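Chemist: sharing a model that was predicted from the sequence below.
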Amino acid sequence: MKNAKNNRPVLITVGVIVVLILLLSSVYTVRQNQYVVIRQWGKITAVNDNPGLAFKIPFIQTAEPITKEIILYDIPESDVITKDKKSMVVDSFVLWKVTDPDKYIKSLNAVRGRAVERIDAAVYNAVKNTISSMTQDEVIASRGEALTTKITNEANSDIGQYGVEILTAQIKTLSLPADNQEAVYIRMISERENIAAGYEASGKAQAQKIRNETDKEVQLLIADAEKQAAILEAEGEEEYMRILQDAYNSGEKADFYEYIRGLDSLKKSLSGDGRKTLILDKNSELVQILYGN
C-alpha cells in the first residue's frame with residue numbers, strides 16, 4: 001500500500017504527459033496562406049484550407065502544409081526561331097501557384113523543384129510555338145498583353161494535370177543575337193526613315209494644296225473687288241453724266257455753265273507771279289465773256 005501511494009504521483013504525471021502528447025498530436029494549425037493535407041496510412045483523406053486550429057487522429061493521421069502563395073520563377077534565357085527563320089533571345093518569368101493540392105501531391109509529390117521543371121518546359125514550348133508562328137517584325141510589333149495571354153494560356157494547357165496554375169508567363173526582354181543585331185537595327189532605321197519621308201511628302205502635298213486653295217480664294221476676292229469697283233465706277237460715271245445732263249437741259253443753264261467754265265479758264269491763265277499778257281481770238285468765248293456778250 002505504501003509503494004502504491006508513493007507511485008501515484010508518478011502515474012498521474014505520466015498520465016498527464018500522455019494526454020498532452022495525444023492532445024498536441026491531434027491538433028494542427030492552418031495558416032492563411034496554406035493548404036493542409038491530411039494523410040492516413042499515406043493516403044490523402046482530406047485537404048483543409050480554412051485558417052485556424054483543426055484536429056486529426058493522433059499517430060494515425062499526419063498534416064502536411066502546402067503553400068497557397070503566388071511563386072515567382074525566373075526562366076533562363078533561351079533561343080527561339082521566328083516564322084521567317086530569324087533567331088531571337090527570350091528572357092521571361094512566370095507567376096504560379098498550387099491550385100489542387102491532391103493532384104500536386106499525386107503527380108509531383110509536392111516537390112517544388114519538380115513543379116518548376118514542368119513549368120519551365122511548358123512555358124518554353126508555348127513561347128517557341130508562339131514565336132515560330134510569327135515573323136520577326138510581327139513579334140516585335142505584338143509585344144505586350146496579347147502575346148503574354150497567348151503564351152500563358154498555351155502553357156497552362158500542359159500543366160493542369162499537376163495541380164498548378166500559371167497566372168502569367170511574361171516576356172521580360174526579347175532581343176536579337178549579337179551577330180545580327182546591327183543588321184536588324186540598320187533595317188529598322190531604314191524603315192523609320194522611309195516612314196518619315198512618307199510623312200514629309202504627305203505634309204508637302206497638303207501644304208501645296210492649301211497654298212493652291214488660298215491662291216484661288218485670293219483671285220476670287222480680287223476679281224470680286226474689281227467687279228465691285230467697276231460697278232461703282234460705272235455708277236459714278238452715270239451720276240456724272242446725269243449731273244451734266246441736268247446742267248445742259250436748258251439754254252440758260254448751258255450758257256451759265258459755259259460762262260463759269262470760261263471764267264475758270266481765264267483765272268487759270270492769269271494766275272501766277274509777274275505780269276502776264278493774254279492774247280485771244282476775237283471770236284473766242286473768253287473775249288465774249290470780257291465784253292459781256
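Modeler: Structure's in. What do you need?
Chemist: contacts, neighbours, all on C-alpha from now
Modeler: Will do.
Chemist: thinking residue 33 is in contact with residue 71, fair?
Modeler: No: in this structure, residue 33 is not within contact of residue 71 by CA atoms under 8 Å, at 11.9 Å.
Chemist: helix, strand or coil: sort out residue 78 for me.
Modeler: Under the three-state scheme (DSSP: H, G, I helix; E, B strand; the rest coil), the conformation of residue 78 reads as strand.
Chemist: now residue 174: which helix or strand?
Modeler: Here residue 174 is covered by strand 164-175, with elements defined by DSSP states H and E.
Chemist: go through stretch 31-39 and flag the buried ones.
Modeler: 31, 34, 35, 36, 37, 38, 39 (16 or more other CA atoms under 10 Å).
Chemist: so which of those belong to strands?
Modeler: Counting by DSSP state E, the members of the buried residues of stretch 31-39 that fall within strands are 34, 35, 36, 37, 38, 39.
Chemist: could you point out the helix or strand that follows the strand holding residue 174?
Modeler: Under the assignment DSSP H and E, the closest C-terminal helix or strand after strand 164-175 is helix 181-247.
Chemist: show me where the stretch 51-200 of the chain has strands.
Modeler: Counting by DSSP state E, counting those that start in this stretch, the stretch 51-200 of the chain has these strands, from start to end: 52-55, 61-67, 71-81, 87-98, 164-175.
Chemist: figure out which of these is closest to residue 109.
Modeler: Closest to residue 109 of the strands of the stretch 51-200 of the chain, according to CA to CA: strand 61-67, at 11.0 Å.
Chemist: show me the domain layout of this structure.
Modeler: Recorded structural domains for the chain (assignment: automatic domain parsing) are 2-67, 71-177, 179-247, 248-290.
Chemist: so which of those domains is the most packed in?
Modeler: Mean neighbour count (mean count of other CA atoms under 10 Å) peaks for domain 71-177 among the domains of the chain, with a mean of 17.
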